[in-house]
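>>> sequence and predicted structure below; questions after.
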Amino acid sequence: MTQVLNFVDGAEVPAAGSRTLDLVDPATGEVFGTSVLSEQSDVDAALEAAERAFKVWRKSTPAQRQLALLKIADAVEARAEEFAELEIRETGKIRDVVLEEEIPECVSALRFFAGAARQLEGTASGEYLPGHTSAIRREPVGVCAQIAPWNYPLMMGVWKIAPALAAGNTVVLKPAETTPSTAVLLAKVAAEFLPQGAFNVLCGDRDTGRALVKHPITELVSITGSTRAGIDVATVAAADLKRTHLELGGNAPLLVFGDVNLAEAAEGIVGAAFYNAGQDCTAGSRVLVDAAIHDEFVTELTKAAAAQKPGADFGPLNSEAQFGRVRGLVERLPSHARVETGGTPAGDRGFFFSPTVISGLKQDDEIVQEEIFGPVITVQSFVDEDEAVRLANGVPYGLASSIWTHDLGRATRVSGELDFGCVWVNTHGPLVSEMPHGGFGHSGHGKDLSSYSFAEYTRVKHVMTRFA
């Protein structure tokens, strides 16, 4: 049986207590190991190590931080197979997807933030008051507590630690309960190039995360997770006025207008909806289609969805709890809904769910209003542009959206009306390190990736010197 330990102050260490969490292979449903369950004393030790390291790391030069991150990126790239094995065991992801898409994106993000470390921007120094010179200092915030999700354990871990370390902060990262292994390996790899204690990993549950957020050493909290988890973090952090970075749930609308190539759009949308079994906060699961092409498009969408094979085109849901949640949303469908394909578990073991398309839905239906996080597409119709926008914006989330049309004027108008942090046109899902990722409303606040993310891990200080 595998046992995953914490990584604190430059070394793998057991938790102070004897409690553990089971690790389950979602492709089989079988327990294959355990991770330690960190308690308050473990949280204290990790944050104290990060605090000691911060005194050193904050004084490093941008060039030194850049070099460290570049070396970490090279090491991750060199050990891609090892990272992939751990990621696949805990998530059930498709091997080629992990090796050819996700790990290269992790490496790209590390290299981007390595460059960002040397590209600080701010107001020019100058005499804004006669006889006085003003300058702006961008400084690291301090010790950052970071909580990563289970849908992209390695990638989201990198998205958090890279900008934080690039800005001169130190980190305690808590991976999700079900997917701790790649975070620990990432910390082990990074330790060769960082001061002892600069990057720590604590395995544990919600109470572990809550203890990290509450701790007086913590200066900034970043979480990627559900809206419920984000509200919990924000509430606890508010008691001590800690800074928060919240990348939370999504419920992306995809607006399909009548001038598209139906088969081409259906193929693109199915790929966006079922990537990672739909376990993506930007998943293209909420399709809004022009009433004039509704029936024909549903036929194309159903055909494209039914061709997807669980276990070959996408993996299982992450856990029994998530499996049950998706099943429950489908089982509670109202009578006016129509399951065009799927709607049932797939296979006789593990947490696989069949590719599903559901039409005939109304705006206030549970499965329309709630984030699904599974391989399920819902379809609604609209009669004009105004109704399309109203339906798209008619959920609490505001992370991602897309417009499918060949009319440039329409795409420009509608993109300005959609209340989401990202709007794609004739595609859905691609992200790049140079552009920000983050949402509005119940999708949280703050940006991952890009220089906007880097800036969030800095604080601004004004220094004025009288020379007259």
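Ah, there it is. Numbering: from 1, shown residues only.
>>> just grab the bridge partners of the nearest residue to Ala234 once chain neighbours are set aside for me.
Nearest residue to Ala234, sequence neighbours excluded (CB to CB, 6 or more residues apart in numbering): Thr244, at 5.4 Å. For glycine as for every other residue, the C-beta is placed from the backbone atoms N, C-alpha and C. Assessed by DSSP bridges, Thr244 has beta-bridge partners Val221.
>>> please renumber the chain so that the first residue is 473 from this point on.
That works, and once the first residue is 473, the last one we named lands at Thr716.
>>> burial count for Thr716?
By the criterion of other CB atoms under 10 Å, Thr716 has 19 neighbours.
>>> isn't it right next to Thr707, touching?
No. Between Thr716 and Thr707 there is no contact under CB atoms under 8 Å: 10.0 Å.
>>> and for these two, which residues touch both?
In terms of CB atoms under 8 Å, 6 or more residues apart in numbering, Thr716 and Thr707 are not both contacted by any residue.
>>> give me phi/psi at Pro667?
phi -60, psi 150 (degrees, to the nearest 10).
>>> test my guess that it contacts Val528.
Yes. Taking contacts as CB under 8 Å, Pro667 lies within contact range of Val528: 4.6 Å.
>>> neighbour count winner among those two?
Pro667 (18 against 14).
>>> the more buried one: what's it in contact with?
525, 528-529.
>>> okay, now Glu549: neighbour count?
16.
>>> name the SS class of it, please.
helix (DSSP: H, G, I helix; E, B strand; the rest coil).
>>> could you find the closest non-adjacent residue to it?
Val579 (4.8 Å).
>>> quickly find the element holding Leu727.
Assessed by DSSP states H and E, Leu727 sits inside strand 725-728.
>>> average pLDDT for whichever helix or strand comes after that strand?
For strand 725-728, the following helix or strand on the C-terminal side (DSSP H and E) is helix 734-746. If you average the pLDDT over helix 734-746, you get 97.
>>> chain center to the host helix or strand of the residue nearest to Glu549: distance?
Using DSSP H and E, Val579 sits in helix 575-588. Counting by CA atoms, centre = their mean, to the nearest Å, helix 575-588 is centred 15 Å from the centre of its parent chain.
>>> tell me the strands in the stretch 473-622 of the chain, going along the chain?
Per DSSP state E, counting those that start in this stretch, the stretch 473-622 of the chain carries strands over the ranges 474-476, 478-480, 483-485, 492-497, 502-508, 598-601, 604-612, 615-619.
>>> and of those, who's closest to Leu658?
Minimum separation from Leu658 across the strands of the stretch 473-622 of the chain (CB to CB) falls at strand 478-480, 8.9 Å.
>>> quick check: which helices or strands does that closest one pack against?
strand 483-485, helix 512-529, helix 653-663, strand 671-673 (3 or more CB pairs under 8 Å, 6 or more residues apart in numbering; DSSP states H and E).
>>> quick check: Glu928 touching Thr716?
No. With contact defined as CB under 8 Å, Glu928 does not count as touching Thr716 (10.0 Å).
>>> any residues in contact with both of those two?
Gly918.
>>> tell me the mean pLDDT for the helix holding Val579?
For helix 575-588, mean pLDDT is 98.
>>> and for stretch 705-718?
Rounded mean pLDDT across stretch 705-718 is 96.
>>> and that stretch, how far apart are its ends?
End-to-end distance of stretch 705-718: 9 Å, with CA to CA, to the nearest Å as the criterion.
>>> residues contacting that stretch, please?
Taking CB under 8 Å, 6+ apart as the rule, stretch 705-718 contacts 613, 619, 681-682, 685-686, 688, 690-695, 702, 916-918, 928.
>>> list only buried entries from these.
Burial by neighbour count, 16 or more other CB atoms under 10 Å: within the contacts of stretch 705-718 this picks out 613, 619, 681-682, 685-686, 690-695, 702, 916-918, 928.
>>> so which of those residues sit within helices?
681-682, 685-686, 702, 928 (DSSP state H).
>>> dump these to TSV, plus distance to Asn865 and pLDDT.
Below are those laid out as TSV (distance: CB to CB, whole Å; pLDDT from 0 to 100):
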residue	distance to Asn865	pLDDT
Gly681	31	97
Arg682	33	97
Val685	31	98
Lys686	35	97
Gly702	20	96
Glu928	26	96
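>>> redo those as CSV? Include distance to Leu542.
Below are these laid out as CSV (distance: CB to CB, whole Å):
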residue, distance to Leu542
Gly681, 30
Arg682, 35
Val685, 31
Lys686, 35
Gly702, 32
Glu928, 22
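>>> from the residues you listed, which is closest to Leu734?
Using CB to CB, these come closest to Leu734 at Gly702, 37.2 Å.
>>> quick one: that closest one from Ile849, how far?
25 Å (CB to CB, to the nearest Å).
>>> same check on Leu863?
15 Å.
>>> give me the more crowded residue out of those two.
Each of Leu863 and Ile849 has its neighbours counted (other CB under 10 Å); Ile849 has more, 31 against 19.
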